[in-house]
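**Q** Dropping the sequence and predicted coords here.
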Amino acid sequence: MTHWDRRGRLLTSPHALIRAAVALGVAVAVMLVLGSITPAGPGSAVASAQASLLADQLGANTGVLFNGRRYTEAEIGQQLTALARTGAKVVRSDALWERTEPEPPIVVLHRYDWSFDDLVAYSLATHGLRWLPIIDYSARWAESSPGHSHSAPASVSGYGAYAAAVAARYGPGGTFWLENPWLTPVPVETYEIWNEPDNPQFWYPSPDPSFYAYLYRSARAAIVGVQPTAHVIVGGLMHPQPFLSAMVAADPGLQGQIDGVGIHPYGRTPGAVLANVRAARSAMRAAGLGSVPLYITELGWTTSPRRAPAWAPERFRPGYIARTLSALGHTDCNIAQVLLYAWVTPRLNPANADDWYGVAGPGGSGSADTAAFASGLGAASAPRSTSPLCAPRRAVANRKRRRSRSRHSRRHRLSSVRDRPSR
């Protein structure tokens, strides 16, 4: 947002000055993070604790690796071998209700075809990768708008039953692990309820925060009923502020129920991404969710077409990836997970932005992007001091004043010692 007129003169109205001050505060916070200008020493306990927390919670989205039958199992294995080699630990991919329950239940008897979900779980586990399943989209028989799998579920109980069945199968001690005892279990810990429910592309015909609040509460109750330690998060949001506020207004009791909020803070530059993360945390505080962990379940850049909102020149993308991942590993935003979008996409249609987010080449071949991804993961998980990106400006100002008073007090004491007459 600019605060200058067309002739280059500074706008000086009170509203313009307020907006400029707010924007300046955000810009300064973002520059501090990207520049690694931090208030604490490099060996601080806070930095080390956050680094160890995120070390096992960094990874990528699979893109279309499992969807659409584009890749053979051998090709899937090649891609996941390359992904695991980067140091990634978590992989986000769909757990498709529409594929798993093609027919409605007979009274209360659900008949699940686990072949798709089993392929995802087996492929990831053989590479030591933990699955973050997105519980989506509506089964054909449960579409509220017939013919639209991205429409809201007409059967909330059916959706909840599927979510619970996924937890019972792939969570700790689940039936999938019992049926495959030769695998080292990597059970699901976190479940994401839908994808971008605030985006009409994925919640047809238009987002409904009130209904989504009901769906989230119901699905969470079903999941924790079979896996009490599960983390159930709000599906990745594009515009957290209005959606979260409307959710909590519709169901105030959610403030004590939400385990995490997923966001997709896309932006054209690392600075724009970090500003969106800061805005998301601010929106969560406003909705009474200030202490709830933040899950960045998608972030990334497409290299085609130029008009795409998250477009970046191909030569810039490696640096963007490395800088953003490194910065997000060391903020005060209470980030629980960071996942790049995406590991692999088909690179077919130059007019389709979704085709050009992928960083890996055919067969998982390396690139400047994959090298930057590995570097960013390492930097994000390494011990380093925390940067004040998300703290309210008043809290940051108070910390600065306290540090200033502390330095002044130390200088005064040293001065008193020097001026004291010798005996």
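**A** Alright, I've got the coordinates.
**Q** how about low-confidence regions in the chain?
**A** Counting by pLDDT under 70, the low-confidence segments of the chain come to 1-33, 35-53, 394-423.
**Q** which residue is nearest the middle of it?
**A** If you average the C-alpha coordinates of the chain and look for the closest C-alpha using CA atoms, centre = their mean, you land on residue 296, 1.4 Å from that point.
**Q** bridging residues for it?
**A** On the basis of DSSP bridges, residue 296 takes part in beta bridges with residue 263, residue 338.
**Q** Double-check it against residue 328; I have them as touching.
**A** Yes - taking contact to mean CB atoms under 8 Å, the distance of 6.6 Å between residue 296 and residue 328 places them in contact. Where you see a C-beta, it was placed from the backbone N, CA and C, and this is true even at glycine.
**Q** show me where the stretch 301-423 of the chain has helices.
**A** Assigned by DSSP state H, counting those that start in this stretch, the helices in the stretch 301-423 of the chain fall at 317-328, 368-381, 393-419.
**Q** chain center to the second one: distance?
**A** When you say that, I think you mean helix 368-381. For helix 368-381, the distance from its own C-alpha centre to the chain's C-alpha centre is 17 Å (CA atoms, centre = their mean, to the nearest Å).
**Q** if we can go back for a sec, list residues touching both of residue 296 and residue 328?
**A** Jointly contacting residue 296 and residue 328 under the rule CB atoms under 8 Å, 6 or more residues apart in numbering are 277, 335, 338.
**Q** Now for those residues, which sits with the most neighbours around it?
**A** Among the shared contacts of residue 296 and residue 328, the one with the most neighbours (other CB atoms under 10 Å) is residue 277, at 28 neighbours.
**Q** Skipping its backbone neighbours, what lies nearest that one in space?
**A** residue 265 (5.0 Å; CB to CB, 6 or more residues apart in numbering).
**Q** Mind checking what secondary structure the one you found has?
**A** Taking DSSP: H, G, I helix; E, B strand; the rest coil as the rule, one finds residue 265 in the coil state.
**Q** Over to residue 149?
**A** Three-state assignment for residue 149 (three-state DSSP): coil.
**Q** do you know how far it is from residue 72?
**A** Separation of residue 149 from residue 72 (CB to CB, to the nearest Å) stands at 25 Å.
**Q** Comparing those two, which shows the higher neighbour count?
**A** Each of residue 149 and residue 72 had its neighbours counted (other CB under 10 Å), and the higher figure belongs to residue 149 (18 against 9).
**Q** from what I can see that one touches residue 138, true?
**A** Yes - here residue 149 lies in contact with residue 138, judged by CB under 8 Å, at a distance of 5.3 Å.
**Q** shared neighbours of these two, anything?
**A** Common neighbours of residue 149 and residue 138, counting by CB under 8 Å, 6+ apart, are residue 98.
**Q** related to what we said a few turns ago, in JSON lines, list the shared contacts of residue 296 and residue 328 along with distance to residue 308.
**A** Putting the shared contacts of residue 296 and residue 328 into JSON lines (distance: CB to CB, whole Å) gives the following:
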{"residue": "277", "distance to residue 308": "20"}
{"residue": "335", "distance to residue 308": "25"}
{"residue": "338", "distance to residue 308": "21"}
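**Q** For the stretch 1-150 of the chain, just list every one of the helices.
**A** 14-34, 45-55, 73-85, 97-100, 115-125.
**Q** Please state the offset of the shortest one from the chain centre?
**A** Its chain's average C-alpha position is 24 Å from that of helix 97-100, according to CA atoms, centre = their mean.
**Q** For that helix, name the packing helices and strands.
**A** helix 115-125, strand 130-136, helix 156-170 (3 or more CB pairs under 8 Å, 6 or more residues apart in numbering; DSSP states H and E).
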